[in-house]
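Colleague: predicted structure and sequence below. I'll ask about it afterward.
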Amino acid sequence: MTEAAGRPRHLGRVLLALVVGQVALHGAMAGLRMAAPLQALREGYSEWMVGVLMALFAAAPVLLALQSGRMVDRHGYHRPLRLAVAFCLCGMGLAVLSTLDGGALHVALMCGAALLTGAGANLGMITVQRTAGLAAQDSTERVRVFSWIGIAPSFANVVGPVTAGFVIDASGFRAAYLLLGLLPLLALVASRGVPAEPAAVPQRGGASSALELFATPGMRRLLFVNWLLSMCWDVHAFAVPVLGHERGFSATTIGLVLGSFTLSVSGVRLLIPLLAHRLREATVVRSAMLGTAVVFALYPLAPNPAAMAACALALGVTLGAVQPMILSTLHHMTPPQRHGEALALRSLTINASSTLMPLLFGAAGATLGAAVLFWMVGGAVGAGSWLARRLVRT
């Protein structure tokens, strides 16, 4: 670390290590998140059980987020990363054991695997994001760094599920889980590129500490804006398959529409580092919210798959540009010794939303239809865009 500010000297090497670490941990979780429900369905379990299994991947981050953030603030990068790797390895171990048991224990093993890998991936994410923010020396560099870090989950969401899918078809679920278990070890190898930092003075924890952080000027506004935009990701993933099914599109067509969105998100995050010196966080977030509202208004009116793919590409630009700006603003308004806890607070709100909102979407979609769901959420995001104008650096 540098003498004055505690930042790594070689940003490029550190950034590569952080990206590899997040891809490895998130990829393992994403692969299991795809494979476990498929295994459950093939073994005759109900769709309700699959829903419970999927919810458990986000349940552990909700319960452990604040403790994870405080640990990262206290110990830096390496100890929390090793714990994240241990969580993921134990989760994959339970998944392997589940392939050996066909009775009631099978469900318990898979639920444990979901909880542990979800906890490991979330702890790894908080660890990586905190270290990345402290590695940057100014606002422009921080936006660039968070743009590169933001590409990692998108890449991991391809690496993990695609790898698991090929191995399942070739050699079965057990082989897939064993191979996915190797990914977290890659994070350990890459961690050698991240310099160690001295342990910090323990901060006062508990509910009062979190409430104090929540009361930081601008924090509630930022978290609310972040929640609105996070809800857009969830409703898009939920409503596009429903809308495509209503119109008789094939599964391949629906997959290509969703793939267009992912491609656009990755593309805009590759572009942001080149334009970071021209971008203001609050302006980008407000523009993204207004753009998302417009896209959501047009989405149900798209007459064919090509038009839906065009909407997906546009939505990828608006939503893909947001995360680096939100994270940069969060680092501006939070004391350095509490960056991990602030990131954990953001993670808690996102995962709680991802656990509960799909249930509400399902009820609303069944009653009102996917089109009305798009318009309702789009209206909420557009109405909330005025809050982004007040996202100032504190």
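Modeller: Yep, it's here.

Colleague: now the helices for the stretch 51-200 of the chain?
Modeller: 78-98, 104-135, 139-171, 173-180, 183-190 (DSSP state H, counting those that start in this stretch).

Colleague: give me whichever of the ones you listed is most buried.
Modeller: Across the helices of the stretch 51-200 of the chain, averaging neighbours per residue (mean count of other C-beta atoms under 10 Å) puts helix 104-135 on top, at a mean of 24. To be clear about C-beta, it is placed using only N, CA and C from the backbone, and glycine gets the same treatment.

Colleague: follow-up on the earlier one: dump the helices of the stretch 51-200 of the chain to JSON lines, plus distance to Ala344.
Modeller: As requested, these are exported to JSON lines (distance: least, C-beta to C-beta, whole Å):
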{"stretch": "helix 78-98", "distance to Ala344": "11"}
{"stretch": "helix 104-135", "distance to Ala344": "6"}
{"stretch": "helix 139-171", "distance to Ala344": "16"}
{"stretch": "helix 173-180", "distance to Ala344": "25"}
{"stretch": "helix 183-190", "distance to Ala344": "19"}
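
Colleague: quick one: which of the ones you listed is nearest Met357?
Modeller: Using C-beta to C-beta as the measure, helix 104-135 is the one of those that comes nearest Met357, at 16.7 Å.

Colleague: return the list of helices and strands in contact with that closest one.
Modeller: Applying 3 or more C-beta pairs under 8 Å, 6 or more residues apart in numbering; DSSP states H and E, one finds that helix 104-135 contacts helix 11-42, helix 47-75, helix 78-98, helix 139-171, helix 322-333, helix 339-368.

Colleague: the helices of the stretch 51-200 of the chain: which one's closest to Leu25?
Modeller: Closest to Leu25 of these, according to C-beta to C-beta: helix 104-135, at 3.8 Å.

Colleague: what pLDDT does the model give the spatially closest residue to Leu41 that is not a sequence neighbour?
Modeller: Nearest non-adjacent residue to Leu41, counting by C-beta to C-beta, 6 or more residues apart in numbering: Val50, 6.3 Å away. The model reports Val50 with a pLDDT of 75.

Colleague: wait, Val50 touches Glu43, no?
Modeller: No - if you go by C-beta atoms under 8 Å, Val50 and Glu43 don't touch, sitting 10.9 Å apart.

Colleague: low-scoring stretches of the chain, by residue?
Modeller: 1-9, 47, 101-104, 198-210, 251, 358-359, 362, 365-366, 390-394 (pLDDT under 70).

Colleague: ok, 50 please
Modeller: Judged by pLDDT under 50, the chain has its weakly predicted residues at 1-9, 393-394.

Colleague: quick one, domains of it?
Modeller: By the assignment in automatic domain parsing, the chain contains the domains 1-189, 212-394.

Colleague: let me have those domains in TSV, adding distance to Glu197 as columns.
Modeller: What follows is the domains of the chain, written out as TSV (distance: least, C-beta to C-beta, whole Å):
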stretch	distance to Glu197
domain 1-189	4
domain 212-394	11
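
Colleague: and stretch 279-289, what's buried?
Modeller: Buried residues in stretch 279-289, defined by neighbour count with 16 or more other C-beta atoms under 10 Å: Leu279, Glu281, Ala282, Val284, Val285, Arg286, Ser287, Ala288, Met289.

Colleague: got it, and stretch 247-260?
Modeller: Buried positions in stretch 247-260, judged by neighbour count with 16+ other C-beta under 10 Å: Phe249, Thr253, Ile254, Leu256, Val257, Leu258, Ser260.

Colleague: any idea which of the residues you listed is the one closest to Ala352?
Modeller: When the buried residues of stretch 247-260 are compared for distance to Ala352 (C-beta to C-beta), Leu258 wins out at 23.6 Å.

Colleague: who touches that closest one in this structure?
Modeller: Residues in contact with Leu258 (C-beta atoms under 8 Å, 6 or more residues apart in numbering) are Ala237, Val240, Pro241, Ala312.

Colleague: try Met125
Modeller: Here Met125 is in contact with Gln22, Leu25, His26, Pro153, Ser347 (criterion: C-beta under 8 Å, 6+ apart).

Colleague: make JSON lines out of these and add distance to Arg130.
Modeller: Listed next are the contacts of Met125 as JSON lines, based on distance: C-beta to C-beta, whole Å:
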{"residue": "Gln22", "distance to Arg130": "12"}
{"residue": "Leu25", "distance to Arg130": "15"}
{"residue": "His26", "distance to Arg130": "16"}
{"residue": "Pro153", "distance to Arg130": "16"}
{"residue": "Ser347", "distance to Arg130": "11"}
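
Colleague: and of the buried residues of stretch 247-260, the nearest to Leu94?
Modeller: Using C-beta to C-beta, these come closest to Leu94 at Leu258, 29.3 Å.

Colleague: tell me the helix or strand right after whatever helix or strand that closest one lives in.
Modeller: Element membership of Leu258 [criterion: DSSP states H and E] is helix 251-275. Sequence order places helix 281-298 as the next helix or strand after helix 251-275, per DSSP H and E.
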